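Novice: have a look at this fold, sequence not included:
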Ligand SMILES: C[S@@+](CC[C@H](N)C(=O)[O-])C[C@H]1O[C@@H](n2cnc3c(N)ncnc32)[C@H](O)[C@@H]1O
């Protein structure tokens, strides 16, 4: 099978260790849409956002370009997982999502920067209910706040990752400040000014390493035979972390933009 996504080779580690988004974000987003019949979670991965959205909507369609990721989809009676290969046309995607004006909420959690953005937004505009439908995109970044020494090592790793970054990674590193977002603000970030949120998470050193190993550029470098997380680098992280047995509460920074289709 051809590789579709930078996460294809690291799905298990990815699913086991990535942070869960707080429930109150989904209550907040759900309060912004007028109807609650259908939601679409794009770039769903293992569906962690999809199942949270399903608490507020009658049905959720969860899509991803990666079949290995979809195989990890958390089963939920109201969530339908569908594969969307890049060959799918806009019309086919619109039909798959129930046609024009059918989706109340679109969520894209830590994924839109990998998409063919013009194509995705074009489909989003067509399927969103008008008026009343809302699209929300967000990402957490790799700059996990621990202490200055730790952040210094992270920055160095980020530099080493540069040759292996896929197109779109710059949006992520720029914290979505330059992400195109041609939608009307609903008071939760807007184009050029993402809302900044925080996601606290208890993390062991092992989990931290897994998060770093499953980062897209680190995984891509590995596929090219380059190990960016050598024993020496791991040792440096371990020292800055405070030892491999320490469990820390760390903060992930999150950047979110939400909007409706411009009239
Ligand atoms: C960082 S993961 C996020 C997964 C999930 N939304 C979460 O927050 O845990 C990014 C996901 O986007 C998917 N992806 C990448 N490019 C895509 C595209 N063009 N269309 C749909 N999904 C894509 C990847 O396969 C991966 O599952």
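Specialist: Alright, I've got the coordinates. Not measured: the values here are computed from a predicted model. Numbering: from 1, shown residues only.

Novice: whichever residue of the stretch 1-150 of the chain sits closest to the ligand: neighbouring residues, count only.
Specialist: Of all residues in the stretch 1-150 of the chain, residue 45 sits closest to the ligand, with a separation of 2.6 Å (Cβ to the nearest ligand atom). From N, CA and C alone the C-beta is placed, and that goes for glycine too. Applying other Cβ atoms under 10 Å, we find 25 residues neighbouring residue 45.

Novice: secondary structure class for the residue nearest to it when sequence neighbours are not counted?
Specialist: The shortest distance from residue 45 to any non-neighbouring residue, by Cβ to Cβ, 6 or more residues apart in numbering, is to residue 69 (5.0 Å). Look at residue 69: counting by DSSP: H, G, I helix; E, B strand; the rest coil, its state is helix.

Novice: so how far is residue 102 from residue 157?
Specialist: 43 Å (Cβ to Cβ, to the nearest Å).

Novice: got it, and residue 80?
Specialist: According to Cβ to Cβ, residue 80 and residue 102 sit 14 Å apart.

Novice: then residue 33?
Specialist: Residue 33 sits 13 Å away from residue 102, going by Cβ to Cβ.

Novice: so which residues of this structure form strands?
Specialist: With DSSP state E as the criterion, the chain has strands at 38-42, 59-64, 79-83, 105-109, 134-140, 184-185, 195-203, 248-260.

Novice: export those strands as CSV, with columns for mean neighbour count and distance to the ligand.
Specialist: Converted to CSV, those look like this (neighbours: other Cβ atoms under 10 Å; distance: least, Cβ to the nearest ligand atom, whole Å):
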stretch, mean neighbour count, distance to the ligand
strand 38-42, 27, 6
strand 59-64, 24, 5
strand 79-83, 17, 9
strand 105-109, 27, 3
strand 134-140, 26, 8
strand 184-185, 14, 23
strand 195-203, 15, 11
strand 248-260, 20, 11
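
Novice: let's have the ones you listed in a markdown table, adding mean pLDDT.
Specialist: Shown next, in a markdown table, are these (pLDDT from 0 to 100):
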| stretch | mean pLDDT |
| --- | --- |
| strand 38-42 | 98 |
| strand 59-64 | 98 |
| strand 79-83 | 98 |
| strand 105-109 | 98 |
| strand 134-140 | 97 |
| strand 184-185 | 97 |
| strand 195-203 | 92 |
| strand 248-260 | 95 |
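
Novice: around the ligand, which positions in the stretch 51-200 of the chain sit nearby?
Specialist: Counting by Cβ under 6 Å from any ligand atom, the stretch 51-200 of the chain comes close to the ligand at 64, 65, 66, 69, 84, 109, 110, 111, 114, 115, 116.

Novice: which residues does the last one contact?
Specialist: It refers to residue 116. Applying Cβ atoms under 8 Å, 6 or more residues apart in numbering to residue 116 gives the contacts residue 86.
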